[in-house]
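Participant: Predicted structure and sequence below. I'll ask about it afterward.
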Amino acid sequence: MGNFKDKAAIVGIGATEFSKKSGRSELRLAVEAVTAALADAGVSPAEVDGISTYTIENNGEVDVFRNIGGRDLKFFSRTHYGGGAACAPILQAAMAVATGVANVVVCYRAMNERSEYRFGKPLQFAVPTTENAMFYYQTLHGLQTPAALIGMMMRRYMHETGTTSEDFANVAIAARRHAATNPNAFFYGKPITREDYMNSRMIADPFRLLDCCQESDGGVAVVITSAERARSLRQKPALIRAAAQGAPAGTGNFMSYYRDDISPTDEVRLVGEQLYDTARLTPADIQVAVLYDHFGPTVLPSLEGLGFCNRGEAKDFIKNGNIEIGGALPVNTNGGQVGEAYIHGMNGIAEAVRQIRGTAVNQVSGVENVIVTAGAGVPTSGIILGAA
Amino acid sequence: MNEKDRPDMQESPQKPTHCATSDFAFFYAGLEADQLLIQKCSACGALRNPPGPMCPVCSSLEWTTVAAKGSGAVYSYTVHYHPPLAGFETPHPVVLVALDEGVRFIGSLRGVPINAIRIGMPVRVEFAVRDGLSTFNFRPA
């Protein structure tokens, strides 16, 4: 590992507004976000020669490329496993740039996930791929929504670590505090109290409504090029210190019920170990963490998997505002996917870039390195971004 | 001739089917005989679930099955409240059960008040038919 440390950088970020009804096509959201990111970077669409996104993305690479006026697309790749993909397009882009396969790679995620379909709805399957056959093996028992599938993992985590709903509340309160001061967040100006949290209705035990990410319409894109090129572009580069994927033995697509530890930890640990190894950093070198919060409580095992605290100690680590602005490790300073919007993790990557640039609305001082994770409880990914 | 009038174009009532690859066929066939079948490696004897063509311990492709005795303990659980779930009343409890044989199975939980579900509680398999398909639930032992 380590061959591409600091060789590529995120040089542009772009986004649409985040809403519950965008009123325009997903492709339009994608091309708005992509061209905004290119404009932010000061790079022409004609220079884009690589695209990387998620398999679950509805907007095809060549369709985006045609609309932005691209010329020669030489690298295109997609990564599977829903939100577990989130940081993997950055890995793909960094590898492509570091090896000279592509010079300018755009990564995007754009969807009308709230207004056109609902990500939180029960999953149903017809075509018997190996993946669908595995899904169906559990969904036939009514274990059918992302909340219930991850809830099953987190109920065991609570049992083994003594973590309670009162502890989960700290994650939701932190996210909504950060969203409350972020004008781009759906929950701008709407912080919650502990009482709000404890009174919010159950969605899938142990998850309450205020644990769940939103369903959102919107698009986010980032532009990656070489660190060398980045030096002459208009934005302060966010160097890609490391990027990695992880699916240790027994990790399923929401189905890690048959391995020793069913909590959503092992896949995050495998990603974290590679990230620190590649970046030659330790958790003590990280000033901000963007931890995937499809369900806020998974931030706890993620903190443990990434080595910010030991197994079972996250419930204490997150107390007293320690993951809020002003705490030892501010987490999801944009409000996360619970508070800002659910753009499948790509909005978290943009927040990490802003923290490196020093332009976040909830800016942490002296940021050198930011760690970002993708969805836990599925095969996943992560990155560490750093200041030049 | 209208297409609907052609005998070969008429819809015949379809038997409901499981979404499954052939690797799962033994399992769903077992349910029809009121058996919860566990794959057993013919080479090293390791039990495995979920089903698959190869033993993850020794890579053997040879396997047989053993019928689970049907008793175990709740390893984890969730209760689905929202949104509505086709075919199930909500709140709907689902358990991950560690069978006495040492393998885990997901199943619906019946016969327990929601607030009485506990990790570690002993349960038993019961066979059932749902939406025309053979399936199983767990109940308190």
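Facilitator: Perfect, thanks for sending it. Numbers count the residues shown, from 1 in each chain, chains lettered A, B, ... in the order given.
Participant: Tell me how confident the model is about stretch A:251-259, as a mean pLDDT.
Facilitator: The predicted model assigns stretch A:251-259 a mean pLDDT of 95.
Participant: again, but for stretch A:146-155
Facilitator: On average, stretch A:146-155 scores 98.
Participant: what about it and chain B, any contact?
Facilitator: Yes - residues of stretch A:146-155 contacting chain B under Cβ under 8 Å from any Cβ of the partner chain: A:147-148, A:151-153, A:155. For the C-beta atoms, the positions are set from N, CA and C on the backbone; glycine is no exception.
Participant: do the same with stretch A:159-171
Facilitator: Yes - Stretch A:159-171 lies within reach of chain B by Cβ under 8 Å from any Cβ, at A:His159.
Participant: Closest one of the residues of stretch A:146-155 next to chain B to A:Asp277?
Facilitator: Closest approach to A:Asp277 among these (Cβ to Cβ): A:Met153, at 26.1 Å.
Participant: wait, isn't the closest one in contact with A:Ile262?
Facilitator: Yes - if you go by Cβ atoms under 8 Å, A:Met153 and A:Ile262 touch, sitting 5.2 Å apart.
Participant: hey, what's in contact with both of those two?
Facilitator: Contact criterion Cβ atoms under 8 Å, 6 or more residues apart in numbering or on different chains; residues bridging A:Met153 and A:Ile262 by contacting each: A:256, B:76.
Participant: now the strands: where do they sit in the stretch 151-300 of chain A?
Facilitator: For the stretch 151-300 of chain A, the strands defined by DSSP state E, counting those that start in this stretch occupy A:202-204, A:207-208, A:217-226, A:238-246, A:288-290.
Participant: Equivalent analysis for chain B, please.
Facilitator: Counting by DSSP state E, chain B has strands at residues B:37-41, B:47-48, B:63-67, B:71-80, B:92-99, B:104-109, B:122-130, B:133-140.
Participant: Adjacent strands (with direction) for the shortest one?
Facilitator: Using DSSP bridges, the strands paired with strand B:47-48 in its sheet are strand B:37-41 (antiparallel).
Participant: quick one: buried residues of the partner strand?
Facilitator: Across strand B:37-41, burial judged by 16 or more other Cβ atoms under 10 Å in any protein chain shown covers B:37-41.
Participant: At which residues are the helices of the stretch 201-350 of chain A located?
Facilitator: Counting by DSSP state H, counting those that start in this stretch, the stretch 201-350 of chain A has these helices, from start to end: A:227-230, A:266-279, A:299-305, A:314-317, A:336-339, A:346-357.
Participant: Now B:Gly87: closest residue in space that isn't a chain neighbour?
Facilitator: B:Asp131 (5.7 Å; Cβ to Cβ, 6 or more residues apart in numbering or on different chains).
Participant: Also A:Met152?
Facilitator: Residue nearest to A:Met152 in three dimensions, not counting chain neighbours: B:Thr78, with 4.4 Å by Cβ to Cβ, 6+ apart.
Participant: Hmm, the one you found is touching A:Asp205, no?
Facilitator: Yes - between B:Thr78 and A:Asp205 there is a contact under Cβ under 8 Å: 5.3 Å.
Participant: between the two, what contacts are shared?
Facilitator: Common neighbours of B:Thr78 and A:Asp205, using Cβ under 8 Å, 6+ apart, are A:151, A:155.
Participant: Those two: which has the busier surroundings?
Facilitator: Between B:Thr78 and A:Asp205, counted using other Cβ atoms under 10 Å in any protein chain shown, B:Thr78 has the larger neighbour count: 29 against 23.
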